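K.L.:
With the sequence up front, the predicted model follows.
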Amino acid sequence: MIHRREILRGRGGFTLMELLVAGGVLLLLMVAMLSLMNQTSKVWVESGNRIDAYQSARRAYENLTQTLEQATLNTYWDYDDPNNPGRYIRQSELHLIVGDAGSGGLPGTPGCGQAVFFQAPSNKVKTAQYRGLTGLLNACGFFVWYGSDKPWLPTHVETQERFRYRLMQWIDDSEALEVYAVPGAGWIPSAVNTESVPIADNIIALVIWPREEGTPPTPLLNDYRYDSRNDSRPVAINQLPPMMQVAMVALDEGAVERLGNGMKGTVEACLEGLFESDPAQDFAGDLELLESRLNEKSIPYRTFTSTILLREARWSP
């Protein structure tokens, strides 16, 4: 019969080395788990920020397209010369102009696509007695601009200014509505730069092509520029194009922060030579080339594109 004390003495315990190895393995497991949790949390936060940023860009894009499709010229027919009438022609006191941003009197940063200005029933008023009225016209405009956000920062809070590409919106009060039957962009006030507000950050391109229906599109409207008051194409005078193809490209905020001071130069290089002419041939190809250049530089982006019908267009070539 084996004595109980001998049985207890025969049981092996953990040595110091075994305890140290077990502790080391446990520590490694904990470090791996913490690292995985930290990485997951980082990816979750970045994904959330990216979703929020793109949601803001989508809301801005929907605002732009919904406002643009309400553009009106209120075109009517009248004598070509009231004193010596020879024929009826289209007339309008309103104006639609699409042109290169930062060129020809239009605001915006050159190379970022087009700026567009027009009149639409946005019902923005300054005087309280006019609130509640419907169908009030406003002068509206959209363009991409690069600069500081300092003008919109609260003065009582010390915040570091950020330089970004932004989609800007300008809507004048209905009370300020004037006759816009002047050539070019002369009716667009110089104060538009200070009166406009950013509706989305990190928008590097707004591309607008006034075009006709049909696939492939007919070449009659094969230009990124359109001026209903002073166009080289007689068919465009005092007439809205039937539709507009609109594209907008937004960047991820995280990528913009990583680029830092090199962001503007990088964006300029990606946009170089694009969206300048022959949209019927190059619109889709230029958009693909821009996306390819952004992919080469590992810059996350989102492209919004659609073709909108102008409700008030009565197109007749």
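P.N.:
Perfect, I can see it now. Numbering: from 1, shown residues only.
K.L.:
from here on, contacts and neighbour counts on C-alpha atoms
P.N.:
OK.
K.L.:
buried ones in the helix or strand hosting Cys270?
P.N.:
When elements are assigned from DSSP states H and E, Cys270 belongs to helix 263-271. Residues of helix 263-271 classed as buried: Met263, Lys264, Val267, Cys270, Leu271 (neighbour count, 16 or more other CA atoms under 10 Å).
K.L.:
Skipping its backbone neighbours, what lies nearest the third one in space?
P.N.:
Excluding the flanking residues, the one nearest Val267 by CA to CA, 6 or more residues apart in numbering is Ile204, at 7.3 Å.
K.L.:
Show me what the strand or helix carrying that neighbour is packed up against.
P.N.:
With the criterion set as DSSP H and E, the secondary-structure element containing Ile204 is strand 203-211. Contact analysis of strand 203-211 by 3 or more CA pairs under 8 Å, 6 or more residues apart in numbering; DSSP states H and E lists strand 114-120, strand 138-148, strand 163-171, strand 243-251 as its packing neighbours.
K.L.:
can we see that at 6 Å?
P.N.:
Judged by 3 or more CA pairs under 6 Å, 6 or more residues apart in numbering; DSSP states H and E, the packing partners of strand 203-211 are strand 163-171, strand 243-251.
K.L.:
Beyond the last one, next helix or strand please.
P.N.:
Under the assignment DSSP H and E, the closest C-terminal helix or strand after strand 243-251 is helix 253-259.
K.L.:
As CSV, could you dump the C-alpha coordinates of that next one?
P.N.:
Extracted C-alpha coordinates of helix 253-259, given in CSV (Å, rounded to 0.1, in the frame of the first residue of the first chain):
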residue,chain,number,x,y,z
GLU,A,253,-10.7,63.5,-46.3
GLY,A,254,-8.1,61.1,-44.9
ALA,A,255,-6.2,61.1,-48.2
VAL,A,256,-6.4,64.9,-48.4
GLU,A,257,-4.9,65.1,-44.9
ARG,A,258,-2.1,62.7,-45.9
LEU,A,259,-1.3,64.8,-49.0
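K.L.:
how much distance is there from it to the middle of the chain?
P.N.:
17 Å (CA atoms, centre = their mean, to the nearest Å).
K.L.:
In it, which residues are buried?
P.N.:
For helix 253-259, the buried set under the neighbour-count rule, 16+ other CA under 10 Å, comprises Glu253, Val256.
K.L.:
Quick one: closest of the helices and strands packed on strand 203-211 to Lys126.
P.N.:
Comparing the helices and strands packed on strand 203-211 by their distance to Lys126 (CA to CA), the top pick is strand 163-171, with 11.6 Å.
K.L.:
Need the mean per-residue confidence for that closest one.
P.N.:
Averaged across strand 163-171, the pLDDT comes to 96.
K.L.:
which residues sit in contact with Arg211?
P.N.:
For Arg211, the contacting residues are Leu221, Met243, Met244, taking CA atoms under 6 Å, 6 or more residues apart in numbering as the criterion.
K.L.:
Could you measure from the closest residue in space to it that isn't next to it in sequence over to Ala255?
P.N.:
Excluding the flanking residues, the one nearest Arg211 by CA to CA, 6+ apart is Leu221, at 5.2 Å. Counting by CA to CA, to the nearest Å, the separation of Leu221 from Ala255 is 37 Å.
K.L.:
residues touching Asn222, list them.
P.N.:
With contact set as CA under 6 Å, 6+ apart, Asn222 has these partners: Asp278, Pro279, Ala280.
K.L.:
Could you measure from the last one over to Leu220?
P.N.:
Same thing as Ala280. Distance, Ala280 to Leu220, using CA to CA: 10 Å.
K.L.:
do the same with the second one
P.N.:
Relative to Leu220, Pro279 is positioned 11 Å away (CA to CA).
K.L.:
Give me the neighbour count for Met33.
P.N.:
As a burial measure, the neighbour count of Met33 was computed by other CA atoms under 10 Å and equals 12.
K.L.:
Please disregard the earlier target; I meant Gln160.
P.N.:
Around Gln160 there are 10 residues (other CA under 10 Å).
K.L.:
Angles on the backbone of it, please.
P.N.:
Listed backbone geometry of Gln160 is phi -70, psi 130, with angles given as degrees, to the nearest 10.
K.L.:
quick revisit: any idea of the angle the helix holding Cys270 forms with strand 138-148?
P.N.:
120 degrees (axes from the mean of the first three to the mean of the last three CA atoms, to 10 degrees).
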